[in-house]
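Novice: fold the following.
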Amino acid sequence: MAGRGRGRASFTFNIEALGLGRGEALPDVAYQPRQVYPPTDYKPLPLKTGEDEDYMLALKHELKETMQSLPYHMDFPSVKKDVARYKEKYLQEYNKEMASTWTPDWRRLPRELMPIRKKEKDIQC
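Specialist: Residues are numbered from 1 along each chain as shown. Predicted coordinates:
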């Protein structure tokens, strides 16, 4: 037979590795939950303040707004709500108008992206 038989209590791991000896009482049960975050010994450094940091922050916000206002920016589709709002109709019209009024500067873009207009051929009968 392969095993040691039934009825014998044997541990498959080393109890001394856990810090317990044979016959010792187990540690008390914790009745309170653990802390969500461990206590922090080190406090974070305060943010840098000054004219340079304010200028860089303003540039960052300006760049973000500029990038979002470009027609290349793709917004996530909004979730269809049960109730139609008054302003949603006008926002859609405004977005369509903004998309149709933009004309790219083709000197800065590759020629492959420029749409080709097919010339109508004169058919003589």
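
Novice: every contact and neighbour count from this point should use C-alpha atoms.
Specialist: OK.

Novice: how near is K119 to P110?
Specialist: 21 Å (C-alpha to C-alpha, to the nearest Å).

Novice: same check, this time on A25
Specialist: Here the criterion is C-alpha to C-alpha. By it, A25 lies 79 Å from P110.

Novice: what does V83 give?
Specialist: V83 is 44 Å from P110, where distance means C-alpha to C-alpha.

Novice: again with D82
Specialist: Counting by C-alpha to C-alpha - D82 and P110 are separated by 44 Å.

Novice: A99 too?
Specialist: 21 Å.

Novice: higher neighbour count, the two?
Specialist: A99 (13 against 8; other C-alpha atoms under 10 Å).

Novice: so that one sits against P71, correct?
Specialist: Yes. Judged on C-alpha atoms under 8 Å, A99 makes contact with P71 at a distance of 6.7 Å.

Novice: just the pLDDT for the spatially most central residue of the chain.
Specialist: Geometric centre of the chain, nearest residue: F76, 12.9 Å, by C-alpha atoms, centre = their mean. F76 is assigned 77 on the pLDDT scale.

Novice: name the element it belongs to?
Specialist: Using DSSP states H and E, F76 is not contained in any helix or strand.

Novice: what part of the chain, helix or strand, is modelled with the least confidence?
Specialist: helix 86-101 (a mean of 78; mean pLDDT, DSSP states H and E).
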